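> Quick one: sequence and predicted model below, then my questions.
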Amino acid sequence: MLHTLAVLVENNPGVLIRVAGLFTRRGYNIDSLTVCQTEDPELSRMTIVVNGDDQIIEQVRNQLSKLVVVHSVSDLTGESAVDRELALIRVQVSAETRSAVLQTVDIFRGRVVDMGRTNITVELTGDIPKIDAFVHAIQPYGLLELVRTGKVAILRSEA
Amino acid sequence: MSEERTGIKGATILLNALQQEGVDVIFGYPGGVLLPLYDALLDSPIRHVLGRHEQGVVFAADGYSRVTGKVGVCLGTSGPGATNLVTGIANAFLDSIPLVVLTGQVSTGSIGSDSFQEVDIIGITMPITKHSYLVKDPRDLPRIVKEAFYIARTGRPGPVLIDLPKDVLAQENVVPFSNEMKLKGYKVFGQANNGKIEEVAKVLSESRKPVLYAGGGVVTAGAEDVLRLFADKTAVPVVTTLMGIGSLPLEHPNSLGMVGMHGTVTANYAVDDCDLLIAVGVRFDDRVTSGMGHRFATKAKVIHIDIDPVEISKVVKTEIQIVGDARQVLAEILEALPGFANPDVTDWWNQLRDWREKNTIQYDKDRLTPPMVMECLGEIAGGDTIVTTDVGQHQMWAAQYYPTVNPRNYATSSGLGVMGYGLPAAVGAQIARPNDKVVLITGDGSFQMSIQELGTIAQNKLPVKIILLNNGVLGMVRQMQKMFYNERYSQIQLQGNPDFVKVAEAYGIRGISVNSAEQVRGALEEAFKHPGPVLVDITISEHENVLPMVPPGKDITEMIVR
Ligand SMILES: Cc1ncc(C[n+]2csc(CCOP(=O)(O)OP(=O)(O)O)c2C)c(N)n1
Ligand SMILES: [Mg+2]
């Protein structure tokens, strides 16, 4: 099962390699990994999506916690968290397909951020199933290039 | 206007910080980028012991640490000096030995340009260090040194590396920052959980076939006295790992000896048949479980007590997990025991005694055999003697037959199993405890991997007694080829061996050669009478095998015993 781990780390050079090295060394599979600064300039936040059963995830969490550069690890999998990914997608268009493509973009609440003669670039934000669905829907028109940021997640606030 | 000179040199800041941590000795080897440090060392009270190879200095620091419990410190120059330390860092990492490893580095401005003797030692050692630092500003040295020692010795100990660029060491007139630690991310695990302590006491009192399985964590925590109390009070039999040797002396009535690949028959049967396994400071290493955690102690409830949460349930499924310091947890269990009945282990002990009687390996005391040498050595050396070993058959004979009574008197490379460890470890042990006797038990292959450290022994007049079990072969490899490769012997003969007595004498070290059973006692007595270092070269047959032995991939009850 896929788990989303939010890992607060020191904002220093070399931290990424310590975390990534741990995954290769122990044979854990990273599905996606994002890093960015946080509200505290001394800390960065990694969002790591990792595949494994409960026992593996427990091991991953413990191994991560052991790194001196890691301040905290929390599992943001499931209902208690909101997650999003951003994608930029270049799609082929012709006079015949243009309006159908734009309609699809509209349905998914995407935005056209660049437009050429034969293709357009769409920006889309959403959870992973939504982006997957858009990619699926747009494929028949000609998907030229796809960039995804990888998932970021945050805990839902208590009601 | 004249420049104000209130600061000091980077190298001096480093040495002062080491002194603050109580460092009395550094094992090291100089080189270009370390010149500022070696210069400052002349004015520091810290002793420096010059090895003959950087692998030797890191093993010496490791030996120093194992026999004192303190953090060992070693030093090597950039590039080849640093890479020569790598094996020793891995050794300390796998056995959880606290070291602070100092490496020289090229100047900060040259890092990344493939300059002379530049290697990325932080990158190379990342998987085998607990943590590491590249010092970019000499003002950070007091904090970094303090953090490094703190990380090395707390929790599950391990090696911490500090990479020191030449300009950082050479910079003059530095006013250092405070040494206040900034370790928000570093966690030391373990407060014992009270509910669980009661649970352990209850499960134990209901058990009929309990076994306590003790490892290096017991030694790290200094828990051997509590372990002994526990054994005395509950009559629970105790098996130890190689790392746990001496945590309950072999002569103690509850001791079943070592468990695992070359463990005793009784210990292995006991672990296989027990209904409760209390695992303390162990990691279910494959030398114990034969690499088959799922077939290990299958009839037992397993209680796992360890300081490192990562070890819990890594190999074997456990019923009760306690993350904590072995000494503290064992003490709390002891406190909880009076509330519960002692387990009835009468039948269990009858069974254990029966196994022991039927399976104690007999050997001919009149023949020159390794067990005979080990027992004779044990008698002559006496209880307070420190033993270091190399790796091979002789290491296992030492583990099986040498009567170690104190785990801090034993240093052997367990997790890495690295040949060449023993002699430099003996150097470190003798420097650490100059008033105690130090014996090295080595083999002719291993000894030649660190033979150059005889120079360190000679230079420092260290009265180490070197007991060389000379079988003319890489015995442990030969044994495997005999047992599992149809006696097709490949590359195990050491025909080029020197006359070891003459080698010793060339270093000014007394050499004694032993070729028959009658000579053993006399030679060992002479060695211990002599005030200086002695090498006793004992010729043994290459046909001797380490028994019992669990063949690779077999259950621990499927031992070869003859
Ligand atoms: C550095 C290193 N290289 C290779 C090995 C593999 N190995 C394990 S035991 C052994 C033979 C050791 O020979 P010796 O020191 O003579 O001891 P003996 O087994 O003969 O007692 C070898 C080659 C090792 N453990 N360490
Ligand atoms: Mg040999």
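Done, it's in. Please read all numbers here as calculations on a predicted model, not as lab measurements. Residues are numbered from 1 along each chain as shown, chains lettered A, B, ... in the order given. Ligands and ions are numbered 1, 2, ... in the order given.

> Contacts only, for B:K301.
If you count contacts by C-beta atoms under 8 Å, 6 or more residues apart in numbering or on different chains, B:K301 has them with B:203, B:207, B:275-277, B:319-320. For the C-beta atoms, the positions are set from N, CA and C on the backbone; glycine is no exception.

> Mark which of those are buried, thanks.
Among the contacts of B:K301, those classed as buried by 16 or more other C-beta atoms under 10 Å in any protein chain shown are B:203, B:207, B:275-277, B:320.

> Go through those residues and flag which are in strands.
Residues of the buried ones among the contacts of B:K301 located in strands (DSSP state E): B:276-277, B:320.

> rewinding a little: just the contacts of B:K301 now: which is nearest chain A?
B:E319 (15.0 Å; C-beta to the nearest C-beta).

> Name the nearest residue to the closest one, ignoring sequence neighbours.
Leaving aside its sequence neighbours, B:E319 sits nearest to B:K301 (C-beta to C-beta, 6 or more residues apart in numbering or on different chains; 4.6 Å).

> how about the residues of the stretch 1-150 of chain B that lie near chain A?
Applying C-beta under 8 Å from any C-beta of the partner chain, one finds that the stretch 1-150 of chain B approaches chain A through B:122-123, B:126-127, B:130-131, B:134.

> Ranking by neighbours, what's the top pick from those?
When neighbours are counted by other C-beta atoms under 10 Å in any protein chain shown, B:K130 leads those with 24 neighbours.

> pLDDT at it, what is it?
Note for B:K130: predicted pLDDT of 98.

> Can you tell me the closest non-neighbouring residue to it?
B:G158 (3.4 Å).

> Next, count neighbours for that neighbour.
Neighbour tally, B:G158, other C-beta under 10 Å: 23.

> Pick out the lowest-pLDDT one from the ones in strands among the buried ones among the contacts of B:K301.
B:I320 (95).

> show me the contacts for it.
B:196, B:199-200, B:203, B:301-304.

> What pLDDT does the model give B:E3?
In this model, B:E3 carries a pLDDT of 52.

> sorry, back to before: is it possible to export the contacts of B:K301 to JSON lines including distance to B:V464?
Conversion of those to JSON lines gives the following (distance: C-beta to C-beta, whole Å):
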{"residue": "B:V203", "distance to B:V464": "46"}
{"residue": "B:S207", "distance to B:V464": "45"}
{"residue": "B:D275", "distance to B:V464": "45"}
{"residue": "B:L276", "distance to B:V464": "42"}
{"residue": "B:L277", "distance to B:V464": "38"}
{"residue": "B:E319", "distance to B:V464": "46"}
{"residue": "B:I320", "distance to B:V464": "44"}
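
> how close does B:I278 sit to ligand 1?
31 Å (C-beta to the nearest ligand atom, to the nearest Å).

> Over to B:Q19?
B:Q19 is 34 Å from ligand 1, by C-beta to the nearest ligand atom.

> right, and that residue touches B:I46 too?
Yes. In this structure, B:Q19 is within contact of B:I46 by C-beta atoms under 8 Å, at 6.2 Å.

> and the helix or strand hosting B:G257, what does it pack onto?
Element membership of B:G257, judged by DSSP states H and E, is strand B:255-258. Contact analysis of strand B:255-258 by 3 or more C-beta pairs under 8 Å, 6 or more residues apart in numbering or on different chains; DSSP states H and E lists strand B:238-240, helix B:265-273, helix B:393-401 as its packing neighbours.

> do stretch B:355-375 and ligand 2 meet?
No. Counting by C-beta under 5 Å from the ion, ligand 2 has no neighbours in stretch B:355-375; the shortest distance is 10.7 Å.

> Report the buried residues of that stretch.
Buried residues in stretch B:355-375 (16+ other C-beta under 10 Å): B:355-356, B:368-375.

> Enumerate the residues of chain B near chain A.
B:122-123, B:126-127, B:130-131, B:134, B:151, B:183-187, B:308-310, B:313-314.

> If we use 10 Å, what do you get?
Residues of chain B lying close to chain A (C-beta under 10 Å from any C-beta of the partner chain) are B:122-123, B:126-127, B:130-134, B:136, B:147, B:151, B:155-156, B:160, B:182-187, B:189, B:308-314, B:317, B:323.

> Among the residues you listed, which ones are in strands?
Reading strands off the residues of chain B next to chain A with DSSP E, I get B:131-134, B:160, B:323.

> quick one: buried residues of the longest strand along chain A?
Using DSSP E, we find that the single longest strand of chain A is strand A:81-92. For strand A:81-92, burial by neighbour count (16+ other C-beta under 10 Å) applies to A:83, A:85, A:87, A:89-91.

> Beyond it, next helix or strand please.
Downstream of strand A:81-92 (by DSSP H and E), the next one is helix A:98-107.

> and the nearest residue to B:L337 once chain neighbours are set aside, what element?
Spatial nearest neighbour of B:L337, excluding adjacent residues (C-beta to C-beta, 6+ apart): B:A201 at 5.6 Å. Using DSSP H and E, B:A201 sits within helix B:194-206.

> any idea of the mean pLDDT for that helix?
93.

> The following helix or strand past that helix pairs with which strands, and in what direction?
Tracing the chain past helix B:194-206, the next element assigned as helix or strand by DSSP H and E is strand B:210-214. Using DSSP bridges, strand B:210-214 pairs in its sheet with strand B:238-240 (parallel), strand B:276-280 (parallel).

> Show me where chain A has its helices.
Applying DSSP state H to chain A gives helices spanning A:15-26, A:54-66, A:98-107, A:128-142.

> could you say what helices and strands the first one packs with?
Going back to what we said before, that points to helix A:15-26. In terms of contacts (3 or more C-beta pairs under 10 Å, 6 or more residues apart in numbering or on different chains; DSSP states H and E), helix A:15-26 is packed against strand A:2-10, strand A:29-37, strand A:43-51, helix A:54-66, strand A:70-75, helix B:121-125.

> closest to ligand 2 out of these?
For the helices and strands packed on helix A:15-26, the distance to ligand 2 is smallest for helix B:121-125, at 30.4 Å, taking C-beta to the ion.

> Just the CA trace of that closest one, in CSV.
Below are the C-alpha coordinates for helix B:121-125, written out as CSV (Å, rounded to 0.1, in the frame of the first residue of the first chain):
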residue,chain,number,x,y,z
ILE,B,121,34.9,10.6,2.8
ILE,B,122,31.5,11.8,4.1
GLY,B,123,29.9,10.3,1.0
ILE,B,124,31.9,7.1,1.2
THR,B,125,31.1,6.5,4.9
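
> name the helices or strands packed onto it?
By 3+ C-beta pairs under 10 Å, 6+ apart, helix B:121-125 packs against helix A:15-26, helix B:80-84, helix B:86-94, strand B:99-105, strand B:131-134, strand B:159-165.

> among these, which is nearest ligand 2?
Of the helices and strands packed on helix B:121-125, nearest to ligand 2 by C-beta to the ion is helix B:86-94, at 19.8 Å.

> Any residue of that closest one touching ligand 1?
No. Helix B:86-94 lies out of reach of ligand 1 by C-beta under 6 Å from any ligand atom, never closer than 7.3 Å.

> so how far is that helix off the chain centroid?
Per C-alpha atoms, centre = their mean, to the nearest Å, the displacement of helix B:86-94 from the mean C-alpha position of its chain is 10 Å.
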